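# make a model of this:
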Amino acid sequence: MSRAGRFLDVGQLGLPLRHQPALGREDFIVSACNAQAARLIDDWPNWRFGHAAAIIGPRGSGKSHLARAFAARSGASVWQARALATSAPAFDQNAPARVIEDLDGGVDEPVLLHFFNAVLEAGGFVLLTAIEPPARWPLALPDLASRLRVLPFAEIGVPDDTILPALIGKLFADRQLNVGAEAITYLLPRIERSYAAIHAVVEALDQAALSEARAVTIPLIRAVLAEAASSCDEAMKS
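Down below sits the predicted model:
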């Protein structure tokens, strides 16, 4: 896949890392755990299942990255579901696609139902994101539940061994940290294999590097992980 066309494959990621936030569709790292979700964005506007769909996955898994890739491609505006309680997005015939994020985090259901129906009746597209599949969204309004709980969705799974080094490298690069492959290789077997843990350790290393004016190297990684383990032990004793 080329940078101009679609998504970045794991095999295309090289070091040294880029020193800027990378949120374009070409910067989304594709592996088996998220290929279905990437394909959903890539296939727009030729969705065979209709004009609405959802991307689901854990926090930090790249749902918002894909949502913004969709928005860039379709001209959609991006809204947090909770924001619909005070200001529903106006429908624009010239940009008939919309993204609503965090659907399972609470939403004004009558407003969402009116908005959802208006976009689809006008031939527009709606992309939703959430942690849980649509069937588990806590919806009380029967008309809304009947529409959303049958939505087709693409799921982002737990990070696999193929994507882990590329994802960690990208997160460091997004923070303008030039971290070598050797340091990433050292880090990999020493952290929990979850998006939350990956984001947390990159954040901790960024803070440590900043406060100590040091590069992210193996000694710094060792020190930060040891401190985290010590803190965890103390918390368990208390």
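# and the closest residue to residue 133 other than its chain neighbours, how many residues sit next to it?
Nearest residue to residue 133, sequence neighbours excluded (CB to CB, 6 or more residues apart in numbering): residue 56, at 5.5 Å. Every residue, glycine included, has its C-beta placed from N, CA and C. When neighbours are counted by other CB atoms under 10 Å, residue 56 registers 23.
# same question, the one 4 residues further on
Per other CB under 10 Å, the neighbour tally for residue 60 reads 18.
# tell me the confidence at the residue nearest to the spatial centre of the chain?
When CA atoms, centre = their mean is applied to the chain, the residue found nearest the centroid is residue 62 (1.8 Å). On pLDDT, residue 62 comes in at 94.
# show me the contacts for it.
28, 34, 37, 156 (CB atoms under 8 Å, 6 or more residues apart in numbering).
# closest to residue 211 out of the residues you listed?
Nearest to residue 211 among those: residue 28, at 30.9 Å, using CB to CB.
# surely the closest one meets residue 38?
Yes. If you go by CB atoms under 8 Å, residue 28 and residue 38 touch, sitting 6.1 Å apart.
# circling back to that earlier point, so what's the residue nearest to residue 133 bridging to?
With DSSP bridges as the criterion, residue 56 is bridged to residue 130, residue 155.
# surely it touches residue 63?
Yes. Judged on CB under 8 Å, residue 56 makes contact with residue 63 at a distance of 7.5 Å.
# need the residues touching each of those two.
Both residue 56 and residue 63 are contacted by 129, 156, under the criterion CB under 8 Å, 6+ apart.
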